[in-house]
Structures are given as structure tokens and as C-alpha cells.
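Participant: what's the 3D shape of this:
(chains A and B)
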There are 2 protein chains.
Amino acid sequence: MYRPQIKVLDCTIRDGGLANDSHFPLETVRAVYKACCDSGIDYVELGYRNSKAMFDPDEFGPWRFCDEKDLRAATDGIENPGTRISVMMDAHKCDPADIIPCAESVVDTIRIATYVKDIDKAIRAENAAHENGYETTINVMAISIESDFDLDPALEQIEKETSVVACYVVDSFGALYSEQVDYLVAKYQRIMPTREVGIHMHNSQQLAFANTIEGIIKEANYVDGTIYGLGRAAGNCPLELLLGFLKNPKFDLRPILDCVAHVIRPMQENLDWGYMIPYMITGILNQHPRSAMAVLKSHDRDGYRAFYDQMLEAVE
Amino acid sequence: MYRPQIKVLDCTIRDGGLANDSHFPLETVRAVYKACCDSGIDYVELGYRNSKAMFDPDEFGPWRFCDEKDLRAATDGIENPGTRISVMMDAHKCDPADIIPCAESVVDTIRIATYVKDIDKAIRAENAAHENGYETTINVMAISIESDFDLDPALEQIEKETSVVACYVVDSFGALYSEQVDYLVAKYQRIMPTREVGIHMHNSQQLAFANTIEGIIKEANYVDGTIYGLGRAAGNCPLELLLGFLKNPKFDLRPILDCVAHVIRPMQENLDWGYMIPYMITGILNQHPRSAMAVLKSHDRDGYRAFYDQMLEAVE
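Facilitator: Model prediction:
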């Protein structure tokens, strides 16, 4: 019943770090890492490896940089029967010189996040990571606002100029409907026939899990989830739902359920994520959630009609 | 771009009544009714018309019975440019003698909810409603646990023995995935070629909106939503998301947004609904949410692992 080619990546700490400037306590990162190892998740992404010249280490937590010493502190002493460790680098906010040889690192996989306009920076970073011995992917962000005119040649470059195992459809705005997922997955497969397709969805319209299933139906094999959907704004595809859908007996849901109960749900006291009307509005209007995040921090967080009208004006 | 045949029904008060024994204050029902009228929603369902011999009026609120005087109190003085009023009758918990002639009622449409085993009761109630001048539908509940062996002849009876405009796929357990929605919609269309297909989804797995879209893609034209997803357990397809997806310019999202802000969200202080891990567990195991509702009212509402193991034992 299950498709063994499907690889599940947990990016709770990495995408959740966009909600708290990557300020997770070490014990939280260890708990998420342990839950993923115990559940048999294929990959766990412990943060960004971005440049300290572009992000102030006094402002951002350690999981924005993923220094080796911090990654070792997060993983040492935890039994890992086969979960690979990933970090993400933003093409336009990383320094390829920060990549050390894979043999000296706890990291197995480096994922390069990029906008289409930064594709050459992404390829430079990917090439550096690959030359240093890492498995690599490229994750094309904000895909819902890219034109075919710009996207298609970028995908052609990825096919010709990189060694990525997968290239991801990243719905940063939570704007895609299932038929658009179909269209993009088919395009990726056509232009990059030697690479796997990946799926990373946001939940602005409560479609993150559904669109991930849609990608899987269309033969995308690399799929992202986060525990209880923790992530920027409305969050991501909930990992626990994904494991329930995938029938691979190697996955054990229980450690993820424990992590929700004891680690992730308690964070809701200080951190907001999940479905809220302002995110729904930016999602249906195909806009970055930053305006919604701002209104939710304002004194008028329930002024939905005014926010909707303001966003409609912004897109006209 | 839009399909004018699509009819949207709001069942906030009816399905939400399963979360609070239909104890909505009159002002809440008036506010929901007004929001639906102002937004151009096709139908608004104001409750059940079930039998007072089967539900104790001292225990259940007025929207479990929808007496004409209560419906008039809920609707009098509110401008309605074209929203039809619906009530639901449970096939096994209603008395067809409670149906008065349509000309004497504020109700336009009667929807009969039924399990497959009660199909003859459903048809009797539908026939009585149709003879009294109402538009009718039949809504087949708990569809995810019905066998083709039982379901197919029931659908044949509906096609032959009733005057329903639509027959609904009702995913009471929130257990269906998109491919199962496809299968059921195609079956309905094949067995009932002269009737429209309806879709009523629950959100146990965050798939209510996605599965409603899936039904629409497959030509289902009658779709249910509730404001902010209010409904039993994990709730329903959020009406605001549905309006964002449908491009019909007759719909205005703003009155629904106002209703979320001023009426529905404030109810969350006293009423729980929406995505929670116990509902996810009953959803993935294709079980009625009642066990999850019970555990969420217990002292161990975060004992997810124990609940999961207990439910696994129950289905073995």
C-alpha cells in the first residue's frame, strides 16, 4: 500500500524559527530531534545555516546559524537509527564559505531556499555544498507568484547545473489550490526528469496537508511536515497527519504525539501559529503573510473587514 | 471562471448545535442568519426539526426543534434578498407529523440526514416533506464506514423513490481522503444521474475544505460550510475559505468576516471546536469522534499516546 520512495522531512525547528527568530531552548530542539529519530522520520532539519553578516546573532537564536557546536549539543547522546540531519541555507542570505566538509559535520543534507531571481546564487551555494560532500536540494520559495517565463529556465538550470536529489515546490503564501499543485509538479517532472519533486506547503487556507497529499498522488516523493504544524504564520503540513496518511510501517506516530503533548502544545502560550482569518486573507489574495503577522500584533487584530479591504487595495 | 450551478449552504447553527446541544442565544442565530443573507449565501440551515419525544426540550435548546415561532423570532425584520431557509430532520429521530405545509412555514428546504440502515425512514420523511411543498435533500451520514453492498441499493432507492434535488456525501468522521471523495462522487453520479451531488465534510484531519474543493472539481454542486468552521468536534469546512475559492461575484466575504470577529470567535471562550489531536486520531482510524470528545472532557485531555493505543485496540 505504501510507496517506499517517499521521504519525510521534519522542519519544525527550521520553519518554526521564522515565528520566534530561531530562539528555541536547547532542550526543545533535543526533544524534537529525539521524537523524529524515535518515529523513524527520514530527515530532521534543525535550522538555517545563514550568514552572521546578514543576521545579528544578538537578535537571532542559534538555530538561525546552526554552528556545529550547537548542532552537536542538540544531538549528542540521542540514539539515531537512521534519521538524516539537514540544515537550510537561504541563497541570498548565506555565505558558501560557511560550508565545512561533510565529513567534519553532523549535517548530512543541505537544502538551499531561493527565490527564482536568486537562482544563480542558489546554484553557487548548492555546488559548494555538493563539492563538500553533502546531499543537496533546492527549494523554490513563493512559487505562487512566479511566472512560467521566469520559473521554467530556472528549473532548466537546476537540472543542468546542480546535483540536487530533489527540487521543492514551496508555497510560502499558502495560496495554492490542488489543481495548481498538479500543474507545478507536472512542470517540475517535465523540466527536471532526473530529479525528485519535493512539496513544502503552508496552511493559510487549511490546505497544507491536502496539497501535500495531492503532490504525493502526482508522484512527488519528498515531503515536508512540522510537528502540530508549527511554522511561520498559519504554519505547515502537520507531521502527525502526514504519518497517518502514509502507511509505511517504519513510522511510529507515538513519539510525535508525545512531543505535541509535552513540548509543542505548551509553546502556544507564548507563540501564535495556525489558522487565523488574517492569514486566510493573505492566502486567498496570494500575498506574503507579513501584513497578516503585523495586524495580528496590532491593537486591531480582529479588524478583519478593514484588513481585507486594505489588502484588496494593495493588490489592485 | 465560476460555476453558477454551485449552491452554498451555511449550517453553522445546525452543525454547531451538535457541540452545544443547540443552545445558541437568539441573538447569535439572528447574527448568523443576517450574515448569510448579507453575504449572498444560497441556503442557511437554522437547526434540526427533530422530535420532542426523542430529545428532551429541557435538555436541548430550541434549535434542535426549530418550532415556527422560534424560526420567526430568528428571522423577522432581517432583510433577505434571496437566502433560502433550511432545517434538517434526522431520519431516525424525527416525526414526519411535525412537518407543516410549506406555505405556512418560513422554511424552504428540508434536509433529511440518515444512516444507510435507516434509508426507508429517510424516504418516508422526504416524501412527507415533498408532499408538503418543500424542496428536499437526503444526506447520507458516516459514509466512510458504509460498504458498497449496502450503500448502492440505498442510492438506487433515493433515485427511484424520492424527489430530492441533491443527495450528500457526509463524512461524519472526517476520515475521507481526496481519492475516496472522487470515488463516492462518481458513484452518486452513476447511480443517481438525475440528482445533484452534495458535499458535507468534517475537519478531523484538516481536510474539510480540501475535500469540498475536490467534490466541486468532480462536479458536486451542493456544498456545506460553517462560519469559522464551527461544528461538532473538529468542525466543518470554513465558509470563509469556501467563498474565497468560489469566484462567484454574488458572494460578499465581508459580512462573514464581521460575524467571525464579533459572534463566532468570542464563543471559543466557552466552546471547543477545531483541529485537536484526539480528533485527528479518530479521523485517521475512521471512528466516530465521540471517544475523542469524551477524552477532551476528561482530566487527561493531553494523553494522546494512551488514547491512540486505546483506539487502536478498539478497532482491532
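
Participant: which stretches of chain A form helices?
Facilitator: If DSSP state H is used as the criterion, the helices of chain A fall at A:12-16, A:26-39, A:68-75, A:119-131, A:148-161, A:178-191, A:208-217, A:239-245, A:254-259, A:277-284, A:290-297, A:304-315.

Participant: Remind me what the first one packs against, helices and strands.
Facilitator: So that's helix A:12-16. Using 3 or more CB pairs under 8 Å, 6 or more residues apart in numbering or on different chains; DSSP states H and E as the contact test, the elements touching helix A:12-16 are helix A:26-39, strand A:43-48, strand A:84-90. Bear in mind the C-beta positions are built from the backbone N, C-alpha and C, glycine included.

Participant: Spatially nearest residue to the closest residue to chain B within the stretch 151-300 of chain A, not counting backbone neighbours?
Facilitator: When distances are taken as CB to the nearest CB, the stretch 151-300 of chain A approaches chain B most closely through A:Ala210, which lies 3.0 Å from it. The shortest distance from A:Ala210 to any residue other than its chain neighbours is 3.0 Å, reached at B:Ala210 (CB to CB, 6 or more residues apart in numbering or on different chains).

Participant: does the one you found really touch B:Ser178, like I thought?
Facilitator: Yes: contact between B:Ala210 and B:Ser178 holds when scored by CB atoms under 8 Å: they sit 6.7 Å apart.

Participant: Who has more neighbours out of those two?
Facilitator: Between B:Ala210 and B:Ser178, counted using other CB atoms under 10 Å in any protein chain shown, the more crowded position is B:Ala210 (28 against 20).

Participant: List the residues that contact the more buried one.
Facilitator: With contacts defined as CB atoms under 8 Å, 6 or more residues apart in numbering or on different chains, the neighbours of B:Ala210 are A:Ser178, A:Gln206, A:Leu207, A:Phe209, A:Ala210, A:Asn211, B:Ser178.

Participant: next one: A:Ala175
Facilitator: With contacts defined as CB under 8 Å, 6+ apart, the neighbours of A:Ala175 are A:Ser144, A:Ser204, A:Gln205, A:Gly283, A:Ile284, A:Leu285, A:Asn286, A:Gln287.

Participant: Narrow the residues you listed to those that are buried.
Facilitator: Buried by 16 or more other CB atoms under 10 Å in any protein chain shown: A:Ser144, A:Ser204, A:Gln205, A:Gly283, A:Ile284, A:Leu285, A:Gln287, out of the contacts of A:Ala175.

Participant: what about the residue lying closest to A:Ala113 once chain neighbours are set aside, how many neighbours?
Facilitator: When the adjacent residues along the chain are set aside, A:Ala113 lies closest to A:Asn139, with 4.7 Å between them (CB to CB, 6+ apart). Counted with other CB under 10 Å, residues neighbouring A:Asn139 total 25.

Participant: got the residues of the stretch 151-300 of chain A near chain B?
Facilitator: When proximity is defined by CB under 8 Å from any CB of the partner chain, the stretch 151-300 of chain A lies next to chain B at A:177-179, A:203, A:205-211, A:213-214, A:217, A:228, A:238, A:240-241, A:244-245, A:253-254, A:257-258, A:260-261, A:265, A:274-275, A:277, A:280, A:283-284.

Participant: Quick check: ChimeraX command selecting the buried ones in those residues.
Facilitator: Buried residues within these, as defined by 16+ other CB under 10 Å, are selected in ChimeraX through the command that follows:
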select /A:177,178,203,205,206,207,208,209,210,211,213,214,228,238,240,241,244,245,253,257,258,260,261,265,274,275,277,280,283,284
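
Participant: hmm, back to that, figure out which of the helices and strands packed on helix A:12-16 is closest to A:Val164.
Facilitator: Comparing these by their distance to A:Val164 (CB to CB), the top pick is strand A:84-90, with 12.9 Å.

Participant: OK, contacts around the closest residue to A:Asp21 other than its chain neighbours?
Facilitator: Nearest residue to A:Asp21, sequence neighbours excluded (CB to CB, 6+ apart): A:Phe60, at 5.0 Å. Residues touching A:Phe60, when contacts are defined by CB under 8 Å, 6+ apart, comprise A:Asp21, A:Ser22, A:His23.

Participant: And the residues you listed, which of them are buried?
Facilitator: For the contacts of A:Phe60, a neighbour count by 16+ other CB under 10 Å gives the buried set as A:Ser22.
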